[in-house]
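> All I have is the shape, not the residue letters:
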């Protein structure tokens with residue numbers, strides 16, 4: 001879907017042209033984590049699990065069972081009551097490892113003369129993340 005940029009208007013005199021548009025689509029996300037970053041997340045998770053609030057939740061819902069031995073009915077209350085400190089670290093680890101996010105919605109400014117491919121799937125670029133930080137953006141361009 002293309003939208004006119006702020007510097008253009010919807011109603012233009014006949015014969016006038018638009019200088020730029022804002023395209024909406026998705027970027028394909030490629031992620032990786034360094035050993036150092038995974039070690040840091042592991043240490044943060046260990047600290048969060050050792051907090052008194054977390055220990056209480058773990059004891060109440062896990063009842064000394066490993067996570068892989070819990071059925072969905074037993075696991076659901078634990079996930080719903082997981083301390084925020086643990087949840088935030090897990091969300092960061094999942095995002096940085098690419099386990100949950102493969103595509104992200106994006107907007108792309110396109111000006112007259114720019115070369116660009118907009119695939120039928122809405123894919124606009126490849127985005128590479130390392131430790132949750134953008135290290136490369138490769139827009140799909142015609143050669």
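Happy to help now that I have it. The structure displayed is predicted, hence computed values, not measured ones. Numbering: from 1, shown residues only.

> tell me what the strand of greatest length in the chain is packed against?
Longest strand in the chain by number of residues, with DSSP state E as the criterion: strand 20-32. In terms of contacts (3 or more CB pairs under 8 Å, 6 or more residues apart in numbering; DSSP states H and E), strand 20-32 is packed against strand 2-4, helix 84-97, strand 103-111, strand 123-130. Using the backbone N, CA and C atoms, a C-beta is placed for each residue, glycine as well.

> who wins for proximity to residue 43 among those?
helix 84-97 (9.9 Å; CB to CB).

> Distance from the longest strand of the chain to the middle of the chain?
Offset of strand 20-32 from its chain centre (CA atoms, centre = their mean, to the nearest Å): 12 Å.

> Buried ones in the helix or strand just after it, by neighbour count?
Using DSSP states H and E, the helix or strand that directly follows strand 20-32 along the chain is helix 35-50. Neighbour-count burial for helix 35-50 flags 37, 41, 44, 45, 48 (criterion: 16 or more other CB atoms under 10 Å).

> now helix 35-50 against strand 123-130, angle please.
Interaxial angle, helix 35-50 versus strand 123-130 (axes from the mean of the first three to the mean of the last three CA atoms, to 10 degrees): 80 degrees.
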